[in-house]
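Participant: Any chance you could fold what I've pasted below:
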Amino acid sequence: MPEVVFTGPAGRIEGRYQPAKQKGAPIAIVLHPHPQFGGTMNNQIVYNLYYDFVNRGFSVLRFNFRGVGRSQGAFDHGQGELSDAAAALDWAQSINPDARACWIAGVSFGAWIGMQLLMRRPEIEGFISIAAMANRYDFSFLAPCPSSGLFVHGSEDRVAPVKDVVSVIEKVKTQKGVKLEHAVVDGANHFFDGKVDELMGAVGEYLDKRLGTAEEAA
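Facilitator: Got it, this is the predicted structure:
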């Protein structure tokens with residue numbers, strides 16, 4: 001799992017990058033939770049998502065937003081972090097010029113950033129949004145949502161209650177052929193404490209359906 005450093009808009013960004021064995025493999029970018037509440041690229045869910053995509057034959061990048069770990073800069077309330085995510089995708093594409101496609105996965109704050117990146121980059125063909133804080137952040141920019149993907153929430157999430165998220169998802173218009181799916185992990189809180197295996201089971205099921213099983217990719 002090579003450590004990488006690339007240039008972002010606020011200076012150096014540190015990440016972990018796993019290249020795929022196959023030429024032309026798709027890219028996945030994984031975005032971490034809120035930097036001011038302990039979110040880093042080593043978050044347990046981010047780590048699990050990273051390896052799920054690695055096992056499916058993707059070239060995968062996770063990184064620390066500005067001001068986190070050894071990434072330069074300071075927290076910028078989402079705007080700068082979106083620029084960081086765009087720079088991360090640019091970097092991943094620059095070393096994978098033959099990549100067929102791209103997926104974005106984000107956790108909590110990272111889910112909000114990921115969905116904004118999705119609207120700006122037509123090459124992103126799928127997303128995983130975990131514990132998206134649709135009650136705290138405006139998701140109305142998904143108008144219409146250009147790619148199919150999965151929202152996952154914990155039934156006991158008090159930070160971003162399921163009912164708030166479902167109402168947002170139901171309002172989102174989609175482009176033709178785009179399907180938004182929603183999974184709820186029973187008994188899980190916002191951080192999926194003690195429920196990460198169940199969360200990854202829901203994610204894996206969705207990715208199997210969209211991409212084929214990880215065994216087929218190996």
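Participant: Could you measure from residue 43 over to residue 4?
Facilitator: Distance, residue 43 to residue 4, using Cβ to Cβ, to the nearest Å: 18 Å. All C-beta spots, glycine's among them, are computed from the backbone N, C-alpha and C.
Participant: Same question for residue 140.
Facilitator: Per Cβ to Cβ, residue 140 is found 34 Å from residue 4.
Participant: So which of the two has more stuff around it?
Facilitator: residue 4 (17 against 10; other Cβ atoms under 10 Å).
Participant: Please list all residues in contact with the more buried one.
Facilitator: The neighbours of residue 4, taking Cβ atoms under 8 Å, 6 or more residues apart in numbering as the test, are 14-17, 61, 63, 91.
Participant: Please enumerate the helices of the protein.
Facilitator: All helices of the chain, identified by DSSP state H, fall at 44-55, 79-94, 109-120, 162-171, 196-211, 214-217.
Participant: Just list what the third one packs against, helices and strands only.
Facilitator: Taking 3 or more Cβ pairs under 8 Å, 6 or more residues apart in numbering; DSSP states H and E as the contact definition, the neighbouring helices and strands of helix 109-120 are strand 27-31, helix 79-94, strand 102-107, strand 124-130.
Participant: what are the bridge partners for the residue nearest the centre of the chain, then?
Facilitator: Geometric centre of the chain, nearest residue: residue 105, 1.6 Å, by Cα atoms, centre = their mean. When assigned by DSSP bridges, residue 105 has beta-bridge partners residue 30, residue 128.
Participant: For residue 158, see how far away it is.
Facilitator: 23 Å.
Participant: In this structure, where is pLDDT below threshold?
Facilitator: Counting by pLDDT under 70, the chain contains low-confidence residues at 1, 214-218.
Participant: Residue 19 against residue 58, yeah?
Facilitator: No - if you go by Cβ atoms under 8 Å, residue 19 and residue 58 don't touch, sitting 9.6 Å apart.
Participant: Settle it for me: which of those two has more neighbours?
Facilitator: residue 58 (26 against 16).
Participant: Isn't the more buried one up against residue 21?
Facilitator: No - using Cβ under 8 Å, residue 58 is not in contact with residue 21; the gap is 10.7 Å.
Participant: Name the residues of stretch 99-116 that are buried.
Facilitator: The neighbour-count check on stretch 99-116 (16 or more other Cβ atoms under 10 Å) flags 99, 102-116 as buried.
Participant: do stretch 154-164 as well
Facilitator: Applying a neighbour-count criterion of 16+ other Cβ under 10 Å, one finds 154, 156-157, 160-162, 164 buried in stretch 154-164.
Participant: Give the burial count for residue 83, as a bare number.
Facilitator: Residue 83 sits with 19 neighbouring residues when counted by other Cβ under 10 Å.
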